[in-house]
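Enquirer: how would this look folded up:
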Amino acid sequence: MMRRGSLMAKGRFRGGGRFMNANQSRFALGCFVFGCMLIVLNRAFNKAGEVAKGENRPEAANEISAGEPPSAMILGDSRTGVVVEVVGKPVASLELERGKRPIGILMLLPGCHHTALDFFPKGRLCDTCIGLPAETSIIRVAVGKGLFPVAVSPTGVCWNTEKDSDDLQRISQTLNELIVGQSLSNLPLFVFGASSGGVMASVLPSLFNVSGLVIQIASSASEDLLSHEHSITGKYPPSVYMHMPRDLVTAARVEDDLEVLDRIQAPSKEIRLLPKQIDESFFSSQAEGITSEESKTMFAALKEVGVLDADGRLNSDPRTSSWRETLSKSVPRLAHDDGFRPDESPVAELLNIAYAQHELSADGIEQALEFLILKHREN
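Expert: Here you go, the predicted model:
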């Protein structure tokens, strides 16, 4: 016996319990073929709709896993990128070479008192950029993974997570600018946020289609996460928490967040950022513009006055210690060029990272992005 609707010998179909004549058979065959075409087209359109929402992009995941990032995305002094203003605040991103396309967007949200200009070095296309060491390192890793980085500044000193805030409006406008201006539609969106920016990052999945989060030196907006626990089970994006255990309050909140993520079946990863040992090459190896001789002098001076212990670790929080006075005397050229100003000085940032209590850091960012990329591919 042949199943109903199956093709029979002599070009005829069985239907309605009787055989059809030749004309009826040809007409039925045409309808069958047309119906198959409609099914194929319908599936194609459905797939396109899913991609438009940022979903189900195995082709993007395959590009990521291939380990061959687009060669067009170059980070250099003369090719820094573009800076536009959205609601009066800077948004900085790299330019794309014509014909090249990244496999994802990485939105970067800095902490309080910081802006998008921290992430890109000063150059021809961005003479107002600052280019702090950790931020530019994150950009290099992102570019190496084939991601298109865009950094957004908060409207005020810190991010405002209220649903009608100007900050959320700016993020939405920035995404629209990327999609239209840079033709970056259909790409997965990953978000990195530090401190206040990390809290802002945690609320974005409720408003945008986010494929993954990196929340650094911060916890999520825990009240929102808990209050929506049942409604977001199985829907919250993969998240990486990068924190400094020396900050006991944030460490405890991160632990609470990870427990919630386990309950709502959201993949998560914890990366702990520990204090660093400072040696003679510490400064010159991580910041441009500092020579190896200056780095040795800085190390010796800090050790001589007791800012560093015998193992080369900071004895106290550099935000309140007297290292500025010491280095101003030992490396006056660098003191003039760097300024040692909080939130603007590469040296200040490196010392804060070494102390490991509360500072944006590039340590572990490669593992964090690899985790999110892997989970996106699996999804």
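Enquirer: so where's the protein shaky on pLDDT?
Expert: Of all residues in the chain, those with pLDDT under 70 make up the ranges 1-89, 94-100, 124-125, 222-231, 234.
Enquirer: and the strands in the stretch 101-250 of the chain, which stretches?
Expert: Along the stretch 101-250 of the chain, counting by DSSP state E, counting those that start in this stretch, strands occupy 104-109, 147-152, 189-194, 212-216, 239-243.
Enquirer: Gln265 is nearest to which of those strands?
Expert: Gln265 sits nearest to strand 239-243 of all the strands of the stretch 101-250 of the chain, at 12.1 Å, using C-beta to C-beta. C-beta: built from backbone N, CA, C; applies to glycine.
Enquirer: on contacts alone, who are the packing partners of that closest one?
Expert: strand 212-216, helix 248-263, strand 268-272, helix 365-378 (3 or more C-beta pairs under 8 Å, 6 or more residues apart in numbering; DSSP states H and E).
Enquirer: buried deepest among the ones you listed, which one?
Expert: Among the helices and strands packed on strand 239-243, strand 212-216 has the highest mean neighbour count (mean count of other C-beta atoms under 10 Å), at a mean of 27.
Enquirer: now the strands of the stretch 101-250 of the chain as TSV including distance to Lys269?
Expert: Output for the strands of the stretch 101-250 of the chain, formatted as TSV (distance: least, C-beta to C-beta, whole Å):
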stretch	distance to Lys269
strand 104-109	16
strand 147-152	18
strand 189-194	13
strand 212-216	9
strand 239-243	5
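Enquirer: how about those strands, which one is nearest Ser322?
Expert: Of the strands of the stretch 101-250 of the chain, nearest to Ser322 by C-beta to C-beta is strand 189-194, at 26.4 Å.
Enquirer: for the closest one, which strands pair with it and how are they oriented?
Expert: For strand 189-194, the pairing partners within the sheet under DSSP bridges are strand 104-109 (parallel), strand 212-216 (parallel).
Enquirer: Throw the ones you listed into TSV and include distance to Pro238, thanks.
Expert: Formatted as TSV, those follow (distance: least, C-beta to C-beta, whole Å):
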stretch	distance to Pro238
strand 104-109	13
strand 212-216	5
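Enquirer: Pro237 is nearest to which of the ones you listed?
Expert: Set against Pro237 and scored by C-beta to C-beta, the strands paired with strand 189-194 come closest in strand 212-216, at 5.2 Å.
Enquirer: picking that back up, which one of the strands of the stretch 101-250 of the chain lies closest to Leu350?
Expert: Using C-beta to C-beta, these put strand 189-194 closest to Leu350, at 15.4 Å.
Enquirer: wait, a helix at Leu327?
Expert: Yes. Judged by DSSP: H, G, I helix; E, B strand; the rest coil, Leu327 forms part of a helix.
Enquirer: now do the contacts for it.
Expert: Listed by C-beta atoms under 8 Å, 6 or more residues apart in numbering, the contact partners of Leu327 are 298, 301-302, 334-335, 340, 347.
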